[in-house]
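1. Predicted model and sequence below, questions to follow.
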Amino acid sequence: MKTIAIGIMPQAEMRARALKIAKGQYKPKPGEPKIWFPSMRSVAEVLSDENRALLHIIRESQPGSLGELAQLTGRQVSNLSRTLKTMCNYGLVELKRADGGKQLKPVVKATEFKILTAA
């Protein structure tokens with residue numbers, strides 16, 4: 001499984017960086033994080049022990065739907081849905097349409113993370 005680089009940068013700096021990239025004034029270097037969090041606290045919330053265990057379960061069992069994942073984890077589908085949508089927003093998980101487009105199948109993009117932050 002591939003390792004994803006995660007960066008931590010204040011929201012205002014992330015916005016300024018994104019604008020520079022959009023204007024062609026800055027080109028991200030290879031190896032720079034593609035996923036950014038505004039604080040270490042937000043990283044800790046998204047990559048909590050419980051959520052990392054969830055990523056492991058998804059990767060190992062490859063459930064075909066959120067309902068199947070709920071059975072595997074003992075969590076409610078609505079709770080899983082919220083958690084997975086947050087992880088999707090950060091690019092950690094992908095929710096693919098399965099079963100003719102009726103079901104959402106969670107797919108983990110990475111289970112190893114390299115966190116980069118400036119002091």
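-> Structure's in. What do you need? What you are looking at is a predicted structure, and each value in this text was computed from that prediction instead of being measured.

2. which ones are touching the residue most central in space within the chain?
-> Closest residue to the average C-alpha location of the chain: residue 92 at 2.3 Å, with CA atoms, centre = their mean. Residue 92 sits next to 4, 35, 46, 55, 108-110 when contact means CB atoms under 8 Å, 6 or more residues apart in numbering. Where C-beta positions appear, they are placed from N, C-alpha and C, glycine not excepted.

3. do the same with residue 26
-> Residues in contact with residue 26 (CB under 8 Å, 6+ apart) are 17, 20.

4. same check, this time on the one 5 residues further on
-> Shown here is residue 31, whose contacts under the criterion CB under 8 Å, 6+ apart are residue 5.

5. Distance-wise, check it relative to residue 51.
-> The gap separating residue 31 from residue 51 is 25 Å, by CB to CB, to the nearest Å.

6. Need the three-state assignment for the residue of the chain most remote from its centre.
-> Relative to the mean C-alpha coordinate of the chain, counting by CA atoms, centre = their mean, the farthest residue is residue 25 (27.2 Å). Following DSSP: H, G, I helix; E, B strand; the rest coil, residue 25 is assigned to coil.

7. ok, and the most crowded of the contacts of residue 92?
-> Counting neighbours by other CB atoms under 10 Å, residue 55 leads the contacts of residue 92 with 22 neighbours.

8. ok, it touching residue 109?
-> No - in this structure, residue 55 is not within contact of residue 109 by CB atoms under 8 Å, at 9.2 Å.

9. Need the overlap of contacts for those two.
-> Residues touching both residue 55 and residue 109 by CB under 8 Å, 6+ apart: 92-93.

10. sorry, back to before: now the contacts of residue 92 as JSON lines including distance to residue 98, pLDDT and secondary structure?
-> Listed next are the contacts of residue 92 as JSON lines, based on distance: CB to CB, whole Å; pLDDT from 0 to 100; DSSP: H, G, I helix; E, B strand; the rest coil:
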{"residue": "4", "distance to residue 98": "23", "pLDDT": "89", "secondary structure": "strand"}
{"residue": "35", "distance to residue 98": "25", "pLDDT": "91", "secondary structure": "strand"}
{"residue": "46", "distance to residue 98": "24", "pLDDT": "95", "secondary structure": "helix"}
{"residue": "55", "distance to residue 98": "18", "pLDDT": "95", "secondary structure": "helix"}
{"residue": "108", "distance to residue 98": "15", "pLDDT": "94", "secondary structure": "strand"}
{"residue": "109", "distance to residue 98": "17", "pLDDT": "91", "secondary structure": "coil"}
{"residue": "110", "distance to residue 98": "21", "pLDDT": "86", "secondary structure": "coil"}
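
11. Cool, thanks, talk later.
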